[in-house]
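Novice: my questions concern the predicted model and sequence given below.
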Amino acid sequence: MRAFPRSREGRVEPFPAEVREQREVAAGVFRLWLRPYAAQTGVAPGRFYMVAVGRGLDPLLRRPLSFLSAEPAADGAPGLTLLYEVRGRGTEMLAHLAPPHTLTLIGPLGRGFRLDAPPRRVILVGGGIGAVPLYAAAQALQRHPARPRVTFIYGARTGDLLVLAPELESSGHENLICTDDGCRGEKALTTDLLERELAADPDPGVTALACGPRPMLQRLAAICRDRGAACQVSLEARMACGMGACLTCVIRGASGRNLRVCKEGPVFDAEEVDWEALDGQA
């Protein structure tokens with residue numbers, strides 16, 4: 001499979017996957033290993049799955065989750081790893097699933113990061129659980145023949161929430177860690193570190209990829225605009241269907257037209273988004 005397959009539809013009909021292992025890696029944060037009973041195609045970093053968390057119609061709606069890894073298992077069988085935070089009843093139900101439970105998924109869906117021709121340097125900025133799709137992007141970048149310079153800025157409120165730090169430390173690329181309370185890495189915001197990196201590397205050919213809290217993304221988009229750096233952001237939104245039909249995830253684009261996070265996104269070029277309108281949404 002190419003490192004960066006062009007965006008294409010994933011499976012739009014549900015397919016089963018067996019829970020192989022589930023572990024709580026921080027308070028309310030779970031890593032879920034699945035074995036899909038279907039070959040995965042179109043698995044590009046930044047795309048997502050709609051996951052059924054219960055049996056039958058309760059709860060009715062699936063939950064959208066980014067994937068951490070889609071690497072095959074040791075025996076060559078399909079594999080899928082999800083990392084998620086419990087935020088409501090649905091994800092709480094998901095956290096209680098254990099082997100050999102079988103759940104169903106739809107995907108991968110949406111538009112991922114555009115990295116067919118990566119620039120000379122990519123700076124990934126992940127806030128909290130937002131680091132999940134960026135880790136998948138970093139792994140793919142390391143396999144790309146262009147071999148761009150990769151810098152991963154990873155931040156959280158406190159050190160206990162830096163659940164991907166061990167993977168990043170063994171990844172082979174440059175990592176910058178920060179926390180709000182300063183208990184691990186620098187006491188700084190991810191956007192502070194990004195601004196510093198862009199100031200130290202003002203030449204063209206730098207792209208920032210980001211996922212995290214909305215205020216972080218808004219500030220990051222402004223920094224990249226002022227510095228002349230390209231920027232792609234992965235947005236979160238409430239979703240009912242995940243396939244563009246229900247329109248519950250619509251945001252306002254900079255052009256004035258509505259954009260569906262599940263279809264035109266979840267990854268957008270930062271200049272596609274009307275940040276002022278987004279800031280006013282619930």
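Specialist: Cool, the structure landed.
Novice: only C-alpha atoms from now on, for both contacts and neighbour counts.
Specialist: Fine.
Novice: ok now the helix or strand containing residue 196, how far from the chain's centre?
Specialist: Using DSSP states H and E, residue 196 sits in helix 190-200. Offset of helix 190-200 from its chain centre (CA atoms, centre = their mean, to the nearest Å): 21 Å.
Novice: ditto for stretch 249-257
Specialist: Computed by CA atoms, centre = their mean, the chain-centroid distance of stretch 249-257 equals 21 Å.
Novice: before we move on, what about stretch 69-81?
Specialist: 19 Å.
Novice: likewise for stretch 166-178?
Specialist: For stretch 166-178, the distance to the chain centre is 17 Å (CA atoms, centre = their mean).
Novice: which residues touch stretch 51-60?
Specialist: 61-65, 90-91, 93-94, 103-106 (CA atoms under 8 Å, 6 or more residues apart in numbering).
Novice: name the SS class of residue 16, please.
Specialist: Local secondary structure at residue 16 is given as strand here, using DSSP: H, G, I helix; E, B strand; the rest coil.
Novice: the nearest residue to residue 50 once chain neighbours are set aside and residue 237, how far apart?
Specialist: Closest residue to residue 50 in three dimensions, ignoring its sequence neighbours and counting by CA to CA, 6 or more residues apart in numbering: residue 64, at 4.5 Å. Relative to residue 237, residue 64 is positioned 9 Å away (CA to CA, to the nearest Å).
Novice: so between those two, which is more surrounded?
Specialist: Neighbour count, other CA atoms under 10 Å: between residue 64 and residue 237, residue 64 has more, with 25 against 15.
Novice: now the end-to-end length of stretch 22-39.
Specialist: First-to-last residue span, stretch 22-39, CA to CA: 21 Å.
Novice: what's near enough to touch the residue lying closest to residue 127 once chain neighbours are set aside?
Specialist: Excluding its sequence neighbours, the residue lying closest to residue 127 (CA to CA, 6+ apart) is residue 212, at 4.4 Å. Neighbour list for residue 212: 126-131, 234-235 [criterion: CA under 8 Å, 6+ apart].
Novice: go again with 6 Å.
Specialist: 126-127, 130 (CA atoms under 6 Å, 6 or more residues apart in numbering).
Novice: same thing with residue 210?
Specialist: Here residue 210 is in contact with 124-126, 233 (criterion: CA under 6 Å, 6+ apart).
Novice: what about those, which are in helices?
Specialist: When DSSP state H is applied, those are split such that none fall in helices.
Novice: quick one: which helix or strand includes residue 132?
Specialist: Residue 132 belongs to helix 131-143, assigned by DSSP H and E.
Novice: could I get the buried residue list for that helix?
Specialist: 131-142 (16 or more other CA atoms under 10 Å).
Novice: so how many other residues sit close to residue 78?
Specialist: Neighbour number of residue 78 under other CA under 10 Å is 18.
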